[in-house]
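Q: the amino acid sequence is not available; the structure is as follows:
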Ligand code: NIG
Ligand code: FE
């Protein structure tokens with residue numbers, strides 16, 4: 001089956017067939033290779049060719065999509081989510097409006113522990129059934145590959161339940177999904193005063209089973225005051241490494257926790273959140289391949305300080321934007337909205353924002369050789385926009401749907 005998309009107003013994030021770009025560094029991020037008035041041919045789900053309309057070969061295609069007035073960009077890669085969760089937490093949203101902080105709610109047994117309570121009683125089948133429409137909604141909003149974490153189980157049984165649901169989503173979905181094992185998300189009440197006991201449970205009981213069933217691609221921990229200290233997080237990262245799991249860790253969300261330095265020390269694939277950082281952390285990232293993943297949706301929803309994206313871009317770092325979709329700090333998986341926040345709040349340009357959610361997002365999931373740009377041979381995961389005047393219009397027209405159609409292969 002060969003499909004032609006013709007008359008594309010702007011085909012964005014094109015990459016030459018012989019290029020091997022695996023991420024876009026800070027100062028290059030304001031450049032976005034584009035082709036105006038273009039065509040693109042998809043053959044069996046793969047980008048076969050593209051070029052200017054005046055060079056369109058006179059051939060027959062099985063199907064033609066006329067994209068007059070519309071743009072085509074690669075789908076977004078959402079490299080940080082907690083999409084699998086048992087229930088929403090709007091009661092905490094109301095508490096925060098009344099002035100109780102996210103940290104205080106967590107201390108009172110809300111937050112992650114609240115989600116864990118709900119996770120304990122839901123069946124695997126039910127959890128799968130409620131997760132499918134969440135994934136479909138993310139895809140409809142332009143996400144073409146996604147990472148999903150465990151971390152609301154906090155017991156061997158419930159963590160495995162979450163990871164098995166993620167595996168079923170991987171098997172049933174037509175987009176790539178990566179799973180991160182995040183048992184080190186919060187200390188369960190029973191281990192409140194016995195941190196080492198819970199760490200031992202993760203390391204000696206959970207991880208071997210997770211590895212045995214091949215349930216995780218990465219290991220994660222919430223490195224934060226009141227959650228997992230640097231030393232505790234290090235135990236988790238080292239244990240994951242023994243099973244070949246690279247780290248993607250939550251770092252520096254609420255405090256300058258030392259998580260960035262720890263992630264870099266262990267060659268983490270990414271350090272995520274990064275609301276609180278300074279020059280030392282930036283310098284540390286500059287010396288590494290660890291990707292900074294910023295989650296503006298969480299800062300927005302918790303009304304906290306935004307991540308210093310400009311500082312990172314000016315330091316020539318490859319900034320990634322992801323959603324952090326979860327029931328507590330960001331109940332939205334809409335990557336268009338994350339891009340709008342990146343522009344309005346993090347002061348990124350629309351081109352920087354597009355780079356941060358396409359090629360750089362792909363790099364944060366090690367998918368940069370199959371997704372993230374319009375390159376011959378890559379998977380045809382594409383967003384066809386509605387009729388819009390420019391690419392800048394995508395983050396500008398915030399909270400509206402600019403997508404006409406999402407093409408997955
Ligand atoms: O990335 N920061 C830790 N974990 C999640 C949210 C957890 C929750 O509140 O459910 C996050 O924001
Ligand atoms: Fe998160």
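A: All right, it came through fine. This is a predicted model, so every value here is computed, not measured. Ligands and ions are numbered 1, 2, ... in the order given.
Q: what's the neighbour count on the residue in the chain that ligand 1 sits nearest to?
A: Closest contact between the chain and ligand 1, by C-beta to the nearest ligand atom, is at residue 328 (2.2 Å). Bear in mind the C-beta positions are built from the backbone N, C-alpha and C, glycine included. For residue 328, the count of nearby residues is 25 (other C-beta atoms under 10 Å).
Q: please identify the helix or strand for it.
A: Using DSSP states H and E, residue 328 sits in no helix or strand.
Q: tell me which residues touch it, please.
A: By C-beta atoms under 8 Å, 6 or more residues apart in numbering, residue 328 lies in contact with 89, 92, 102, 111, 112, 114, 115.
Q: name the nearest residue to the fifth one, sequence neighbours excluded.
A: The shortest distance from residue 112 to any residue other than its chain neighbours is 4.0 Å, reached at residue 186 (C-beta to C-beta, 6 or more residues apart in numbering).
Q: distance check, the residue of the chain closest to ligand 1 against residue 116.
A: Distance from residue 328 to residue 116, counting by C-beta to C-beta, to the nearest Å: 11 Å.
Q: now do residue 57
A: Residue 57 is 57 Å from residue 116, by C-beta to C-beta.
Q: how about the closest residue to residue 240 other than its chain neighbours, secondary structure?
A: Computed as C-beta to C-beta, 6+ apart, the closest residue to residue 240 that is not its neighbour in sequence is residue 219, at 3.0 Å. Three-state call for residue 219 (DSSP: H, G, I helix; E, B strand; the rest coil): strand.
Q: so residue 219 makes contact with residue 245?
A: Yes: applying C-beta atoms under 8 Å, one finds residue 219 in contact with residue 245, separated by 4.2 Å.
Q: so which of these two has more stuff around it?
A: residue 219 (27 against 22).
Q: now do the contacts for that one.
A: 180-182, 207, 236-237, 239-241, 245-248.
Q: and the helix or strand bottoming out on mean pLDDT in the chain, what's buried?
A: The weakest-scoring helix or strand in the chain, judged by mean pLDDT, DSSP states H and E, is helix 102-107 (a mean of 90). By 16 or more other C-beta atoms under 10 Å, the buried positions in helix 102-107 come out as 102, 103, 105, 106.
Q: so is that helix next to ligand 1?
A: No: Helix 102-107 lies apart from ligand 1 when judged by C-beta under 6 Å from any ligand atom; the minimum separation is 7.2 Å.
Q: how about residues contacting that helix?
A: Taking C-beta under 8 Å, 6+ apart as the rule, helix 102-107 contacts 92, 95, 96, 111, 112, 113, 186, 226, 254, 302, 328, 329.
Q: just the buried residues out of those, in PyMOL syntax.
A: The PyMOL command for the buried members of these (criterion: 16+ other C-beta under 10 Å) is given here:
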select buried, resi 92+95+96+111+112+113+186+254+302+328+329
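Q: can you put the contacts of helix 102-107 in CSV and add secondary structure and pLDDT?
A: What follows is those, written out as CSV (DSSP: H, G, I helix; E, B strand; the rest coil; pLDDT from 0 to 100):
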residue, secondary structure, pLDDT
92, helix, 97
95, helix, 96
96, helix, 96
111, coil, 95
112, helix, 96
113, helix, 96
186, coil, 96
226, coil, 89
254, coil, 90
302, coil, 94
328, coil, 96
329, coil, 96
